[in-house]
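1. I'll drop the sequence and a predicted model, then ask my questions.
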Amino acid sequence: MIIMPWTEKYAPEKISEVVGQKKAVEKFLNWLRIWKPGKKAALLFGPTGVGKTCVVEALTKERDLEIIELNASDYRTASQIKEVIGQSMKQMSLFKKSKLFLIDEIDGLAGRVDRGGTTEIIKIIKESRHPIVLTANNPYNMKLRSLRSYCLLIKFGKVYYWDIIKRLDFICQKEDLKCDKEVLRQLAKRSAGDLRSAINDLESLAREKTEIKLDDLESLGMREKETSIFDALKMIFKTKTALAAKLSIQSVDKNFDEIFLWIEQNIINEYEKPEEIAKAYNMLSRADLFRQRIKIRQNWKFQKYMIDLMTGGVALSKKEMYRKFSRYEYPDKIKFLGRTKFKRKEDKEKLIKLSKNLHCSVKKVREEFLPYFKVLEW
Amino acid sequence: MMEFEVWAEKYRPKSLKEVINQKHVVERLKAFVKNKNIPHCMFAGPAGTGKTTCALAMASDLYGKYWKANVLETNASDERGIDIVRHKIKDFSRMKAIGNVPYKLVILDEADALTRDAQQALRRTMENFTRTARFVLICNYSSRIIDPIQSRAAIFRFRPLSEEHQKKYIDRIVKGEKLKISTSGIKAILNLAEGDLRRVANLLQASAGLKKNITEDVVYEAAARAKPRDVEEMLKLVMKGNFKDARKRLNDMILIQGLSAEDIIREIHSQIYKLDVPEEDKIKLIDMTGEYDFRISQGGSELLQLEALLAQFLMLSKK
């Protein structure tokens, strides 16, 4: 049996199975219905992984069309395009199938070796006896300017959060995979509307497993991108030199606020003596004050103090280097805040409603009423 | 969550006639209503003594069915900045009243939470819109309201209710809800409520939720269950040297329960005396608590500063 990646295994077989993109699909089908030789091509555009190519492939499967595809991996000079498409575009198919040309990722075509490519595509659009579909991330790319006027632009938006969750849940069921609902939510959030990446993430988590728990997400949360913060933490917590600690965060591709959270989270994963922990936290507390002064007064001269205290200050809070391997963790605060955002918003709304009805402030409701409601199990 | 009835609200007097005690206040307010002439007022006094109730009751006696349209009820603890005065209050005050009373009523609850700037702005508003709006400011401490405002308002002081009057209120609820309560149960409630009728109602309701027959034990159990334990337990953990779990508690309180640092640090301060540490350490801890409280007021981020404070407690823990 051939093992297919899930993104292919669960690609839609019919147009109706496409996740989201209702408007775009409608516009696309409409275009196809009234298409005649000489009319505009369709240019499907939008961010990556939202289903542009998917729609075309679902359509060809559903209507049993012959698809002739050119994508980014093919060379696309004028002569090559001619070779692949040029011949077949004027002929009917051998088996009387209708044909459809798909030129995928045309914004990748601009510039490179593909000189004369756009001109050739325009020529094909004008002469083809079969509909032509193009896809692109950014149709407003300068190189596509001349091409645009020969195309009907159809926009694909990001896939909705809930739609992603629904799709992931569907795949879990098919794969007989137990999966924490929170995991699906986190995956959907991480994907930022890119369904393909969400499915890929799910698949990589599920490898050799029948169940995915929340903890498993951590392996995903720390892709290569975040290796450098670990090196910086290691430097800060192991060195006894203020300057070395300070320089360690220079090349980390995170902003200082986030680095701050990483240090805050991991003090207790390195230091063991109470005095050291207290001292290190006091340093962060002072750094925090400088951070607020920067924010309030827009006065960036305070930043150097903040950085020195949060790196060097924390580094020198220890008496001696710990000769041990420490596992540094992802900051709770980032994890929690994302996870509890909806709940906190809901709670807040409930409290405001209560405070209106009980004629007192939100704070009073929380202090004077909620404890008793808890007893009554409301 | 909204289907249940909260007794504190259900048994809140709807008219000045129903208000228990505070005679010296109520009589004068009734006279205001009769003459349809209400000056700017300031109600000061401890929690649960009927300040908000009197303000709402007065409004409803004064305007009758029109009261909703003519009353702006707002809480300074939720909106404490100058913007609320500049926009919400001003916009409401400048429009004419509906019905036969020529002015509207602004009830500003927990007015002592207003910033100084906001109070200054309020003072001008009170003067400029006297024709179309009257203000009732409600606060716990009149000293936190700037003098110019105090001098523009008739001041009413609310006193904690005597046992006799609290009993009357308990009786009202017991009859209304057909409860069974023993004499010792009533005594326990009086003991715990400290003259705060809101707490009386809440305690009764919580107790009634636990058992049909309300005895002394039931009341104390309800009170114990209602007491927030998180801060106490967090301190216990850190004093045992378990910083990791203490920090988790703190995260939970702030990030999940949404408590404010102000409330938590107040509770920490009151718990210090109960800690099992040498007396001189208690003083050190209080000093540190004050320092971190100050840092928060200087704009420090709540969670980090509390964590740092907790780490200072760790230093004095038994290792």
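-> Thanks, I have the structure now. Residues are numbered from 1 along each chain as shown, chains lettered A, B, ... in the order given.
2. residues touching the longest helix along chain B, excluding its own?
-> Ranked by residue count and defined by DSSP state H, the top helix of chain B is helix B:279-297. Residues from elsewhere that reach helix B:279-297, judged by Cβ atoms under 8 Å, 6 or more residues apart in numbering or on different chains: A:285, A:288-289, B:261-262, B:265, B:268-269, B:272-273, B:275, B:277, B:300, B:302, B:305-306, B:308-309, B:312-313, B:316. Glycine gets a C-beta too; all of them are placed from N, C-alpha and C.
3. nearest to the spatial middle of chain B, which residue is it?
-> B:Ala47 (5.6 Å; Cα atoms, centre = their mean).
4. for that residue, which non-adjacent residue is closest in space?
-> Spatially, and ignoring its direct neighbours in sequence, B:Ala47 is nearest to B:Asp196 (5.3 Å; Cβ to Cβ, 6 or more residues apart in numbering or on different chains).
5. likewise B:Leu192?
-> Leaving out its chain neighbours, the residue that sits closest to B:Leu192 by Cβ to Cβ, 6+ apart is B:Ala223, at 5.3 Å.
6. shouldn't that neighbour be within a strand?
-> No. With DSSP: H, G, I helix; E, B strand; the rest coil as the criterion, B:Ala223 is located in helix rather than a strand.
7. I figured it hits B:Asn202, correct?
-> No. Contact between B:Ala223 and B:Asn202 fails when scored by Cβ atoms under 8 Å: they sit 9.6 Å apart.
8. between these two, which one's more packed in?
-> B:Asn202 (26 against 22; other Cβ atoms under 10 Å in any protein chain shown).
9. now the element after the longest helix belonging to chain A, going C-ward?
-> The residue-count maximum for a helix in chain A (DSSP H) belongs to helix A:274-297. With elements assigned by DSSP states H and E, the helix or strand that comes after helix A:274-297 is helix A:303-308.
10. and the helix or strand just after that next one, what does it pack onto?
-> With elements assigned by DSSP H and E, the helix or strand that comes after helix A:303-308 is helix A:314-315. Secondary-structure packing of helix A:314-315 (3 or more Cβ pairs under 8 Å, 6 or more residues apart in numbering or on different chains; DSSP states H and E): helix A:227-238, helix A:242-248, helix A:274-297.
11. what's the angle from the first one to helix A:274-297?
-> Same thing as helix A:227-238. With axes from the mean of the first three to the mean of the last three Cα atoms, to 10 degrees defining the directions, helix A:227-238 sits at 130 degrees from helix A:274-297.
12. give the rounded mean pLDDT of helix A:227-238.
-> Per-region confidence: helix A:227-238 scores 84 on mean pLDDT.
13. CA atoms of that helix as PDB?
-> Once non-C-alpha atoms are left out, helix A:227-238 reads as follows in PDB (Å, rounded to 0.1, in the frame of the first residue of the first chain):
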ATOM      1  CA  THR A 227      16.700  26.900  19.000                       C
ATOM      2  CA  SER A 228      18.500  30.100  19.500                       C
ATOM      3  CA  ILE A 229      16.500  31.200  22.500                       C
ATOM      4  CA  PHE A 230      17.700  28.000  24.200                       C
ATOM      5  CA  ASP A 231      21.300  28.900  23.500                       C
ATOM      6  CA  ALA A 232      20.800  32.300  24.900                       C
ATOM      7  CA  LEU A 233      19.100  30.900  28.100                       C
ATOM      8  CA  LYS A 234      22.000  28.500  28.500                       C
ATOM      9  CA  MET A 235      24.400  31.300  28.300                       C
ATOM     10  CA  ILE A 236      22.600  33.600  30.700                       C
ATOM     11  CA  PHE A 237      22.100  30.900  33.300                       C
ATOM     12  CA  LYS A 238      25.600  29.300  33.100                       C
END
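14. list the buried residues of it.
-> Neighbour-count burial for helix A:227-238 flags A:229, A:232-238 (criterion: 16 or more other Cβ atoms under 10 Å in any protein chain shown).
15. what's the closest of these to A:Gly338?
-> A:Ile229 (17.7 Å; Cβ to Cβ).
16. next, work out how far apart the closest one and A:Ile259 are.
-> Look at A:Ile229 and A:Ile259: by Cβ to Cβ, to the nearest Å, they are 7 Å apart.
17. any common contacting residues for those two?
-> Both A:Ile229 and A:Ile259 are contacted by A:Val252, under the criterion Cβ under 8 Å, 6+ apart.
18. pLDDT weak spots in the chain?
-> You didn't pick a chain, so chain A it is. Residues of chain A that meet the criterion pLDDT under 70 lie in A:1-3, A:71-80, A:84, A:86-97, A:108-116, A:208, A:218-227, A:378.
19. oops, I was thinking of chain B
-> Applying pLDDT under 70 to chain B flags residues B:1-3, B:318-319.
20. can I see the domain layout of it?
-> Under automatic domain parsing, the residue ranges defining each domain of chain B are B:20-157, B:163-226, B:230-315.
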